[in-house]
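Chemist: Pasting a predicted model and its sequence here:
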Amino acid sequence: MARTNSPKFTAGRNIAMKVPAHEFEATVIFYRDIIGLPLAEGDEPGIVFAFGDKQLWIDRADHLSQAEIWLEIRTDDVRVAEKYCRENGIVRRDEIENLPPGFEGFWISSPANIIHLVSGE
């Protein structure tokens, strides 16, 4: 049960699709050439498409056997969010991908094993 002393959470701007290497090129072609999403930036191993008010990152992930969707959640207070997640039994997944030095945020997993980046606003 959620605590009343919770941080504010909002949807982030980024959606990451981690795609196995053998599916990467076809996935980029699908979004770029067939669906026609505008390219925002990038080159392998990550291509970024404009996706409405979001960014869709297509990342080649050599270590995966199937695609995964990762989401970003923004918070007004990362330290309070860390404590809140811990108190509510949310699984931390900081081993999943290194964050840049000084980056204010951390990785968690939902009960359905969807990876989320929790980052400061």
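Modeler: That came through, no problem. Numbers count the residues shown, from 1 in each chain.

Chemist: all contacts plus neighbour counts: C-alpha atoms, from now on.
Modeler: Fine.

Chemist: Where do the helices of the protein begin and end?
Modeler: 21-29, 78-87 (DSSP state H).

Chemist: Just the C-alpha atoms of the longest one, please, in PDB.
Modeler: In PDB, the C-alpha atoms belonging to helix 78-87 read as follows (Å, rounded to 0.1, in the frame of the first residue of the first chain):
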ATOM      1  CA  VAL A  78      14.900  11.700  -6.300                       C
ATOM      2  CA  ARG A  79      16.000  11.100  -2.700                       C
ATOM      3  CA  VAL A  80      12.400  11.000  -1.500                       C
ATOM      4  CA  ALA A  81      11.500   8.800  -4.400                       C
ATOM      5  CA  GLU A  82      14.400   6.300  -3.600                       C
ATOM      6  CA  LYS A  83      13.100   6.000   0.000                       C
ATOM      7  CA  TYR A  84       9.500   5.800  -1.100                       C
ATOM      8  CA  CYS A  85      10.300   3.000  -3.600                       C
ATOM      9  CA  ARG A  86      12.300   1.100  -0.900                       C
ATOM     10  CA  GLU A  87       9.500   1.400   1.600                       C
END
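
Chemist: So which elements touch it?
Modeler: For helix 78-87, the contact count by 3 or more CA pairs under 8 Å, 6 or more residues apart in numbering; DSSP states H and E identifies strand 115-120 as packing neighbours.

Chemist: Would you give the sheet partners of the strand it packs on, along with the direction of each?
Modeler: The sheet places strand 115-120 alongside strand 68-75 (parallel), strand 105-109 (antiparallel), with pairing taken from DSSP bridges.

Chemist: If I take it and helix 78-87, what angle do their directions form?
Modeler: Our comparison of strand 115-120 with helix 78-87, counting by axes from the mean of the first three to the mean of the last three CA atoms, to 10 degrees, yields an angle of 140 degrees.

Chemist: Any idea how far strand 115-120 is from the middle of the chain?
Modeler: Offset of strand 115-120 from its chain centre (CA atoms, centre = their mean, to the nearest Å): 7 Å.
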